[in-house]
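Undergrad: dropping the sequence and predicted coords here.
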Amino acid sequence: MGKAQKYVLLGDATYPLQDWILKPYQEDKNLTQRQLRFNYRLKRAHSVIENAFLRLKARWQILLKCDDCSLELLPTLVLACCILHNICEAHDNPFNEEWLEGTEPTELPKPCQPAPAAMEDGQAEQVRELMCQYFESCGEG
């Protein structure tokens, strides 16, 4: 859209809108088709991320038992699993669906209450609007 953007994290409605946290528009009957499409695309992106983490945990089940290792080792262990997982995926190493049996999708921790409006970044709405325009320009899907 002609403007460079930095990376953003995907959040749900409980997170404050920040220029680095992309969250959906608040669901109500006043949302435009464009905003609904944005929310849909954000939800789809979130499900891709959840699936990737599920596959990562299924392939490297040591990640399910990380409470057994020291906190100093944990970042290196997770990074090693991510690198190995990406190598396996890039080389079409077969993923055994049976691995998923021991892995349940887990709800990631998130705030219990929606963030107060005072925490919202006014500039962040411009980022969300730019992303909304971008999604609209990409067509359906």
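TA: Arrived safely.

Undergrad: where exactly do the helices run in this protein?
TA: With helices called from DSSP state H, the chain shows them at 33-59, 74-90, 124-137.

Undergrad: run the angle between the last one and helix 33-59 for me.
TA: So the one you mean is helix 124-137. Angular relation of helix 124-137 and helix 33-59 on a 0 to 180 degree scale: 90 degrees, by axes from the mean of the first three to the mean of the last three C-alpha atoms, to 10 degrees.

Undergrad: determine how far helix 124-137 lies from the middle of the whole chain.
TA: From the chain centre to the centre of helix 124-137 is a distance of 17 Å (C-alpha atoms, centre = their mean, to the nearest Å).

Undergrad: neighbouring contacts of that helix?
TA: Under the contact criterion C-beta atoms under 8 Å, 6 or more residues apart in numbering, helix 124-137 has outside partners 1, 3, 5, 8, 17-19, 21-23, 25, 34-35, 37-38, 41. From N, CA and C alone the C-beta is placed, and that goes for glycine too.

Undergrad: average pLDDT for stretch 38-55?
TA: For stretch 38-55, the mean pLDDT works out to 89.
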